[in-house]
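Colleague: Just a sequence and a predicted model for now, questions to come.
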Amino acid sequence: MNVPGDLRYTTDHEWVRRDGDRFTIGITAFAQEALGDIVFVERPKADDVVAGDVCGEIESTKSVSELYAPISGKVVATNEQVDEHPEVVNADPYGEGWIAVIESEDVGTFEALLSPGQYEEIIAASAEE
């Protein structure tokens, strides 16, 4: 399973990439694979979000899953490409399939997210269930 080493992760299978005080978020390769073909992405609104709160939704041919804010802050950008081409989340979850950018000074929450190794352990445990 593809788990890039430069990202942090949540137990809800979101990834976070830090660039100064901006944090790009998306769903992991594990999550998109479990969901199947993604047909709709409800992007977060350009507003304040609180870590752990629902900020969007991802619909696939199998189910609907909520997207949780991995960090508190203000949504300053969203990926409009996923409106017309939600399948990009399946094709490139860590690149073109990003979902939103949150501006935040909440570096502590980012640092507390799962490391790549910790996330790999969660994936392995899920596979055993």
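Modeller: Sure, I can see it. Note that the structure is predicted; figures quoted are calculated from it, not measured.

Colleague: Kindly confirm my reading that residue 65 forms part of a strand.
Modeller: Yes. Inclusion of residue 65 in a strand is indicated when DSSP: H, G, I helix; E, B strand; the rest coil is applied.

Colleague: my guess is it contacts residue 32, does it?
Modeller: No. In this structure residue 65 lies outside contact range of residue 32 using C-beta atoms under 8 Å: 10.0 Å. (C-beta placed from N, C-alpha, C; glycine too.)

Colleague: neighbour-wise, which of the two wins?
Modeller: Here residue 65 and residue 32 are compared on neighbour count by other C-beta atoms under 10 Å; more neighbours surround residue 32, at 23 against 18.

Colleague: hey, C-alpha coordinates of the helix or strand containing the more buried one in PDB?
Modeller: Assigning secondary structure by DSSP states H and E places residue 32 in helix 29-35. As requested, the backbone C-alpha atoms of helix 29-35 are provided in PDB (Å, rounded to 0.1, in the frame of the first residue of the first chain):
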ATOM      1  CA  ALA A  29      -4.900   5.300  -1.100                       C
ATOM      2  CA  PHE A  30      -6.200   2.800   1.400                       C
ATOM      3  CA  ALA A  31      -9.400   4.800   1.800                       C
ATOM      4  CA  GLN A  32     -10.100   5.300  -1.900                       C
ATOM      5  CA  GLU A  33      -9.400   1.600  -2.600                       C
ATOM      6  CA  ALA A  34     -11.900   0.600   0.200                       C
ATOM      7  CA  LEU A  35     -14.500   3.000  -1.100                       C
END
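
Colleague: what does that helix contact?
Modeller: Helix 29-35 is contacted by residues 1-3, 13-14, 27, 38, 58, 60, 62-63, 65, 89-90, 93-94, 97, 123, 126 when judged by C-beta atoms under 8 Å, 6 or more residues apart in numbering.

Colleague: if you set the cut-off to 6 Å instead, what comes out?
Modeller: Contacting residues not belonging to helix 29-35 are listed as 1-2, 13, 60, 89-90, 93, 123 [C-beta atoms under 6 Å, 6 or more residues apart in numbering].

Colleague: what does stretch 68-76 give?
Modeller: Outside of stretch 68-76, the residues within contact range by C-beta under 6 Å, 6+ apart are 10, 12, 14, 16, 23, 25, 44, 46, 48-51, 53, 55, 100-104, 106, 109-110.
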